[in-house]
Every structure is written in C-alpha cells, then in structure tokens.
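1. attaching a predicted model along with its sequence, questions to come.
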Amino acid sequence: MEKLIPKEFDLSNKDRSDEALMRWRKAVGLVKNRRRRFRYSADLGKRSEAKEQMLKIRDRLRVCLLAYKAAFRFIDAGGQGNQFTSEEAIDSWEEDIQNELQEEAREAGFQIHPDKLASLVASYDITTLRKLKGVEGLASRLNVTLNEGVESTSIPIRQTIFGSNEYTEKPSKSLWMFVWEAMHDITLIILMVCAVVSIIVGLPTEGWPKGMYDGLGIIISIFLVVMVTAVSDYKQSLQFKELDKEKKKIFIHVTREGIRQKVSIHDLVVGDIVHLSIGDQVPADGIFISGYNLLVDQSSLTGESLPINIYEKSPFLLTGTKVQDGSGKMLVTTVGMRTEWGKLMDTLSEGGEDETPLQVKLNGVASIIGKIGLAFAVTTFLVLIIRFLVEKGRLHELTKWSSSDAVTILNYFATAVTIIVVAVPEGLPLAVTLSLAFAMKKLLTEKALVRHLSACETMGSATCISTDKTGTLTTNHMVVNKIWICGKEKGVDSNTDRNGLDSDISGNVLAILLQAIFNNTGSEVVKDKTGKRTILGTPTESALLEYGLLLGGDFDDHRRECKLLKVEPFNSHKKMMSTLVARGNGKMRAFCKGASEIILKMCDNTIDSNGEAFHLSEEHVRNITNVINAFAVVGIKDPVRPGVKEAVKSCLEAGIYVRMITGDNINTAKAIAKECGILNDNDLAVEGPYFRSETPEQRNEMIPKIKVMARASPMDKHVLVQTSRDVHKEVIAVTGDGTNDAPALHEADIGFAMGIAGTEVAKESADVIVMNDNFTTIVNVAKWGRSVYINIQKFVQFQLTVNIVALMINFVSACISGSAPLTAVQLLWVNLIMDTLGALALATEPPHDGLMKRPPFGRNESFITAPMWRNIIGQSIYQLAVLLVLNFDGKKILGLEDSDATALLNTFIFNTFVFCQVFNEINSREIEKINIFRGILRNWIFTGIIASTVVFQVIIVEFLGNFASTVPLGWQLWILSVGLGAVSMPIAVVLKSIPVNKKSPNSTQHDGYDPLPTPGLE
C-alpha cells in the first residue's frame, strides 16, 4: 500500500519547507473533518504572517541601528554641544519622558514612562540614554541601584506599572469547543440530516414511537461518537498544554537586594540586574551595565549573521537574542509584550508545529483507504437501489411509491454514508498524535522534555548515539581529589586545609594559587540572608572554588585585592579561560587555565616551592606531560553515573552504536569510556586535531569505527554527525550542552540538550531536553520512541482489519441479498470501537524491555510490514468467512425458524462481528509474538476500554434494540458469539507461525526479533 502513497506524503524529519507542507495537504483526498484532522498541523498562514512581521521588525531595527551609529558619531564629535544650556529645554525633555506617567508610578519613585522606556532600547536611542546620564541615571529613574538590584517588596508595583515578562497566549479550548469541532464531520452531518428526515417520514407512516426509532438511534449514536471523540481530544490538549508549560520553564541569574539568585524569566521585572553568560538567551530588553567580551547573536531579530559586541558605547540588548561569547550584567528596561520579541511571539505561537513524518505518511494511507471506501460506499448504494428497483419492477410497482419506500431508500443512503464513516480511517494520523502525547507526558516524569513531536517518533529508528562525557555519562558533581604543585603530588580530602600545603610550599606559592582560583573564574561564591554560602557556576569551576575555600581563601577578599582588567571566558574553541588583573602594588598578572596540554605549550617558566621562577626545560615538560597523562595538574574526580554501564549495554543489544565525543583529555576519555562499556581494547579512539587533519575520504572511512573522540571541537562533532547521517545513512542522536553544539544538535536527526548543564542556545536547538543530564534518560527516550512506532503499527493493523471486514460484509451482502446486515447505528458503534477507542487502547501501550532486544527501525523501512499484512489478511479471511456463512445460511445453521429469525440472525452477526474485533484488538497487542497477554493488567487504559466495549455491547443488544435494530439473544447465542470471536486468538497463533520475513539462521522463529551480534565478538 505504501508504494501507492504519492511522493507528496514522503517528508524528511527536519528542515521541511512550507511549500512541501502545503503540497501534502493538497494531496489529501477524502477528509471527513478538516478541523480535527489538521488540528495539530502547522498554521502556514500564521507562519507567513509571522515571517512578514519578522521582516518588518528587521527593517525597523536596521534603520534604528543606522540612526544609532550616526547619533553616536555625532555625539562623539561633540555634536551635543550646548543642547542643555537652558533650563526650559531641560524641563521640556523631562516633561516628555514622564508625560502621562501614572501617579501610582510617581509615588513608587519611577521617573520615566514605560512606553518611553521601551522605545529607548527598541530604537537604539543613544541620545536619550546620554541625556539620562547613562545606565546609572536610568537605574535611578527606575528606583534601583546597580549593586543591590530591586527589592522584593517592589516587585508587585513594578509588574503593575511596567508589565510582567510573559507573552500573550492563545486561550485554551474548552471541552465544548472540541465537541463543536467533532460535530464538523461531514459524514456525521449527513447522517444527522438522514436521521431527521427518517423521523419526519417515519412518524406519519409508522406512528409514535416506532416511527422515530431509526432516526433517534442514529442521533444517539452520533452524540456518543461526538462526546467520546471530544473528551479524548480535550484530554490530549491538556497533555500538550502541560508540556508547553514545562518548555517555558527557563531560569536566569539576577541580583536582588544585593544577593545573586536564580529566578524564572517570567518573574523578571523592570529594574532587575540580570547576569548573562555564554549560551544564555537575553530574557528581556535592557541596557549593558558591565562585562567582558560580550558578543550577542541578534540574527533571530535583525537577520544579521555577525554577532554584535556589547559594551558601554553599544549597550542595547534585545529580548530573544543569544549570548555567543563573554559575560556581563544588564539592567532590565522592557518586559513581555512591550518588547519586539513579545510582539513577534504573539504571532509565532499560533504558527503551530510541523507534522511528524509518520503523521504525514498515515494521512496518505488514510487518503487511499478513504477513496477505496468511497468507491465501495457508492457501489453498495447503487447495488441496493438497483435491486430495490428491480424488485419493484418485478411486482409491477414502479409507478406506486409510498413513504415506506422513501424510508427504505433513506436507510440505504444512511448505510452507504456510514460505510464511508467506517472506511475513512480519520483516526490513523490522529492516533500518532495521541501516542506521541502519551509518550511525551510519560517521558516528562522520567526527566525527558520532548520539545518536538517528531523527535519521540524518530528516536525509535536511532542507530547511533553520540554522547558527551561530562554530566551525561558522569555525575557532573566534581571535587578536587589530587593536586600536583611545585613538582609534588598531594591527595585532597575533606579534612585538607591550608596547613596541609604549608609544609611543602611557601605562602607565596599558596597566595598565587588562591589568586588564580578566585580571580580566573566565571563562577561566584554568594551568601544568602542567613549567611549560607553557595557556589554558582559550572561543576568544574565550582570544584576549584570549593578547593580554594578549603585552603582558607576568601572569594570576596581576593576579588577586592585585585582589579579585573580583562577577561577571556572559556569556550569550546579556545578550551581555556584567561584573566588579566591589576594587583595592589601597581603591577599586573595574567592567569590562564584550561586544557592541560594547551596551557603547557604556552609556558616557558615554572615556579619552585619557594615561589621562584625557573626555566621549563624539555625534561620538565616530559615530566609534566607524564603527570597530565596520569591525572592532570589538578585532579578533579567526576565518577560515572550509576546505571550508565547497563544503559550502554542495553543500547548495544538494541543495535544502537554508542560513541563518546568530549573536549576532555584522551586518556581520561578512554578511561571513562571503558568504565561505561563504550570502548573495548581494540576499538578506535581519536583526538579532534587528528580527525581534522585527515582528508574527507579518510574521515568517511574512519567515522564508523570511532568509539571515542577526545579534544573534539564543535565543528568536529558537526562534521561527524553530518557524515554519519548523509554518507553512512545513520539515524543519529547527539547530545550537547554548549552554545557551539547548536549546529550539531540541529543537524542530527534527534538533538538532546542537557537540562542542567545546557545553555539556552543548546536547548533551543535541541529536540529533547534531558532534565537530569543522565544518559539513562536518553535510552528511555529510545525505548519510548520504539514503543510509539510499534503502537501505531498495532493500531493500523487493527483498524485495517476492521475496515476490510466492514466494507466487504456490507458490499457482498448488498450485491447478493440486496440488504446490508450492519445498520447505520451498528456501524457507528463499530467505528467508535476501531477509531477513538482503538487508538486509546493500542496507541498508549507502555514500552517493555523486549523493545531494546531488537534492531532499530530502518530510515526507509516500510511502515506496514509483511507480518502486519499477514495478520490483517488472515484475520479478515476468517471473519468474512464466518460472517458471510452466517449471513447466507445462518438461519439453517442456528436453527432459527421463528418470525423474528431475521432480526435474531442480524443481531447475532452484529454481535459476532463486534466480539471478533474485541479479540482481534487483544491479538493486536503483539504483531509477531505469540504471548499477547504480557503486561495486559498493567495497562489499565487497555483493559478499561475492552471491558467498557463488552459492557456497552451487552447494553446495545439487550436493552437498546429499538434504536440499534437488535433483539435480545439467548445465552447459547451469546456463548457462540463470544466463542466465534475468541477463535481469532488461536488463528493469530497459527498466522504468527507462518514465516514472512527472511530470518537469520540462528533466529528463534517466533520470538518476534532477530538476534543482534554480541559486541566485541565480531
């Protein structure tokens, strides 16, 4: 069937154009309910509107930037002149910036109107900023000091006057909105019209209440279908809303009441002092206060590819831009919807998310089946009409028409429409959304936040995971446990103090060490109101600061003794951090730290235990290199996370290749990789510089063999990902935490960003955020991805079986006997079982460990597999054989001779058909494995739906006969109905024993999986 799907429905996982998305939507054929089918599809109109708005913003910002540069040159040239020589001019300008300022704001000490403040940054108004006397003057007008920050008591009034840092969101739909959307199904609307006409015609001809049973039965069935569908969709929307809330949980460092603390970006207020570092997204518009080498990428707003250097003369920071390098502090001036980013987000939020490849493909499948169903429905209606007319002609009644004839034709039409209801599998693409929403919610409890729906789906096909080391495979809780200083190695434990080093080195050396620790760091030691000390920064920096404090050093004292003149923050390109400080004696000193071999190459002198410098000879270099290879100059211990070795083993058993890419020393990397089970003795471990030095052809040959890459740059990671995906056709997952990892995260099929150590830039580029930075969580995502894929296959198998049987039984019966055994009401009930309820039951199966014992799904593997077709065709043949035999010879077989024999037979056929679906739904829990009951009691959704289906079937047959065209059945017929349905289970066992896939010689025939080669044996 998939070969029949038009190419428009074959979309890539990432980087799809709006034109491609539009093409597949136009290619969709018969759609019963566009509102529901495309509810979670991207709104291309809104996207186009957002792009136009983005272009307008970019044009405006470019104009403002040019005006700013011109104004700045004018001011620097002395053009400001005597602009404020008169008090009248000063008063006029003062009145302008405070014009229409609320009295409440004046009383709170604010001296600038929020709109004027917003315009100041958005328009790069350097002239007004100079008039305000720079950032200090602006802070004064906002009633805040740059050292202390805002007071907690002033936050409510600031939110009232200047607004909160939140964007306008589209209001959530109520349950009744979902009911309204469900009622837009064109086939249900036609059936409602038929039902009303049936009641209007039936009451005069058959009287009250008999004349309204058929029509009322259809109306009640439609109401049930609409309500069940709406409730299911509503609960699904609540799950997405909960996930959206998690996505927006971003925290930033601020100074409030003199204390540095972490707050949600939604709690930011105008006047806050925000600390920015590499990888942060600027959370609000603001003015630069201080910092070092602050480079900001403004391409998201201005479209400019080159980063902007932010400093005192270029102080404007815009929301949504990203810190590419350096660090700094800013004064928040504008928040929320007053920012340009906020106005843009208002439109972008309505654009929606791209559909997943599987959703698009199943839309194609649904279109093909829908067209087949429409053809069958039209043919069935024509056959019934022709037979009806032939019968009237045989009785010479072609000229005699009564209202009962009209009711008969109306019922034929209703049956044909209901065949379309059943035949068009509207639930196929929606089942993907349901399964993904369920998986995403469960993954959230397992510390994985899925940002893009397609990632969860694609992870089921992952063949390779390229993972970082620090924080992902290791705990990211670092402590200094060894130090090599002045040629001597010393162990460190919690009882070590300053005196522990005094016996080996002089106080001068210790002073230099503490200066290096406290001045050459991007982290801080802060105290709260109670005096409790906290270290804010990366784990490596924190470990060094902890050690400095352990030696008796004081962070604030050392910072006061030296003045920072220049800072080069650490990044993954330089692999080092440098600071230049002015000492109290007027001299300067530079400190560097970073990758040990890089630092060593920079040195030509070292100091002895007395603090005296001497030349670094080649012998000394060799000795230090040996020390580095042993444990590095400062030994920082970061143990492997519990469970990682088992998780890596699980990946290897699942056919997923695990590769470590790290910026660390190769010896450290190899040691950790061996401990995790990634690297064996004969496996390949390389360094980034060596990898880069090879030709593209050599790299292509090398990549499949690489298990560890040390001293890797972000570009190395990007090249490795791109080559693995494009040349070796791997479905590759990549982890990353830094700003420079963003290209690789975007390039990979699935990008994982670290939730704790990861920067906001990395998170924005990722598909999944690992909230606990644990490799085991990544493996759980792979397991859930496989579960989603297989669950959809189960549902497709189940629904196609029902489609085939329902279409054929009504079509064949209409052609041969001139009547359809399944009425409109009965088919609506069957549609509910196979569509909404079937999706809920089968698409929400939780994963089991067996999923990680089979190979990944291929990138181009057929979705409807040979085993699925075997099961569909086999079950369909059995069900059709039973139902057709009953339809044409059932009275004789069952010994039905009473006046209600026809009604009994049709009810029995309907009951048998439903129970065939109930047991086939249980069969569908496993496509290849024989044991279909494994874990069935743990899945309360599945058992609940099966039980509800059986209970409601009993009610329909025994108590709703007038509406559903059924009559009560005796206990013998009930047992026989259930028995005929249950026979599908042993038939499923027989079907699964028929080999349809090419098996490897060593495979066990019916375990459902092909064995994978044991790692290290091939």
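-> Right, received. Where do you want to start? Bear in mind the structure is a predicted one, so any value in this text is a computation, not a measurement.

2. contact partners for Ser172?
-> 237, 241 (CB atoms under 8 Å, 6 or more residues apart in numbering). No exception for glycine: its C-beta is placed from N, CA and C like everyone else's.

3. quick check, it in a helix?
-> No. Read with DSSP: H, G, I helix; E, B strand; the rest coil, Ser172 is coil and lies in no helix.

4. mind checking the SS state of Glu355?
-> coil.

5. and if you look at the one 5 residues further on?
-> When classified by three-state DSSP, Val360 comes out as helix.

6. would you agree Asn831 is in contact with Val421?
-> Yes. The pair Asn831 and Val421 qualifies as a contact (CB atoms under 8 Å) at a distance of 5.3 Å.

7. counting neighbours, what do you get for Gly688?
-> Gly688 has 22 neighbours, counted by other CB atoms under 10 Å.

8. skipping adjacent residues, who's closest to it in space?
-> Ala712 (4.1 Å; CB to CB, 6 or more residues apart in numbering).

9. pretty sure that neighbour contacts Met660?
-> No. Contact status for Ala712 versus Met660: not in contact, 9.4 Å apart, counting by CB under 8 Å.

10. neighbour count winner among the two?
-> Counted by other CB under 10 Å, Ala712 and Met660 do not tie: Met660 has more neighbours, with 29 against 26.

11. partners of the helix or strand hosting that one, with directions?
-> Counting by DSSP states H and E, the element that carries Met660 is strand 657-661. Applying DSSP bridges to the sheet, strand 657-661 is found paired with strand 464-467 (parallel), strand 706-710 (parallel).

12. most tightly surrounded among these?
-> Mean neighbour count (mean count of other CB atoms under 10 Å) peaks for strand 464-467 among the strands paired with strand 657-661, with a mean of 25.

13. can I get that one as PDB, trimmed to CA atoms?
-> Only the C-alpha atoms of strand 464-467 are listed here, as PDB (Å, rounded to 0.1, in the frame of the first residue of the first chain):
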ATOM      1  CA  CYS A 464      23.700   5.700  16.800                       C
ATOM      2  CA  ILE A 465      24.000   7.900  19.900                       C
ATOM      3  CA  SER A 466      26.900  10.400  20.000                       C
ATOM      4  CA  THR A 467      27.100  11.500  23.600                       C
END
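
14. show me what it is in contact with.
-> Taking CB under 8 Å, 6+ apart as the rule, strand 464-467 contacts 473, 651, 656-661, 717, 720-721, 724, 730-735, 748, 775, 778, 782.

15. what do you get if the cut-off is 6 Å, keeping everything else the same?
-> 656-661, 730, 732-735 (CB atoms under 6 Å, 6 or more residues apart in numbering).

16. highest neighbour count among those residues?
-> Neighbour counts for the contacts of strand 464-467, by other CB under 10 Å, peak at Thr735, which reaches 32 neighbours.

17. model confidence over the helix or strand containing it, on average?
-> Per DSSP H and E: Thr735 is located in strand 732-736. The pLDDT scores in strand 732-736 average 87.

18. from the rest of the structure, what touches that strand?
-> 462, 464-468, 472, 721, 724-725, 744-745, 748-752, 762.

19. among those, which are located in helices?
-> 721, 724-725, 744-745, 762 (DSSP state H).

20. can you pick the most crowded of the residues you listed?
-> Compared across the ones in helices among the contacts of strand 732-736, Leu745 has the highest neighbour count, 30 neighbours, by other CB under 10 Å.

21. quick one: contacts for that residue?
-> Leu745 touches 736, 751, 765-766, counting by CB under 6 Å, 6+ apart.

22. also Leu65?
-> Tyr124.

23. and whichever strand or helix holds it, average pLDDT?
-> Here Leu65 sits within helix 44-76, counting by DSSP H and E. What helix 44-76 shows for mean pLDDT is 71.

24. Ser924 contacts Phe795, doesn't it?
-> No. Taking CB atoms under 6 Å as the definition, Ser924 is not a contact partner of Phe795, at 7.5 Å.

25. now do the shared contacts for those two.
-> Leu842.

26. ok, and what's touching stretch 685-697?
-> Applying CB under 6 Å, 6+ apart, the set of residues contacting stretch 685-697 is 666, 670, 706, 708-713, 716.

27. repeat that for stretch 920-932.
-> So stretch 920-932 is contacted by 794, 797-798, 801, 842, 867, 875, 984, 988-989, 992, 1006, 1008 (CB under 6 Å, 6+ apart).

28. next: stretch 329-343.
-> Residues from elsewhere that reach stretch 329-343 (CB under 6 Å, 6+ apart): 57, 117-118, 121-122, 135, 139, 163-168, 268, 270, 272-275, 284-290, 317, 319-320.

29. try stretch 270-277
-> 142, 144, 149-150, 158, 162, 252-255, 323, 327-330, 332, 335.

30. now, those residues that are in strands?
-> 252-255, 323, 327-330, 332 (DSSP state E).

31. can I get these in JSON lines with distance to Arg23?
-> Shown next, in JSON lines, are the ones in strands among the contacts of stretch 270-277 (distance: CB to CB, whole Å):
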{"residue": "Ile252", "distance to Arg23": "41"}
{"residue": "His253", "distance to Arg23": "46"}
{"residue": "Val254", "distance to Arg23": "47"}
{"residue": "Thr255", "distance to Arg23": "52"}
{"residue": "Val323", "distance to Arg23": "39"}
{"residue": "Ser327", "distance to Arg23": "46"}
{"residue": "Gly328", "distance to Arg23": "46"}
{"residue": "Lys329", "distance to Arg23": "49"}
{"residue": "Met330", "distance to Arg23": "45"}
{"residue": "Val332", "distance to Arg23": "44"}
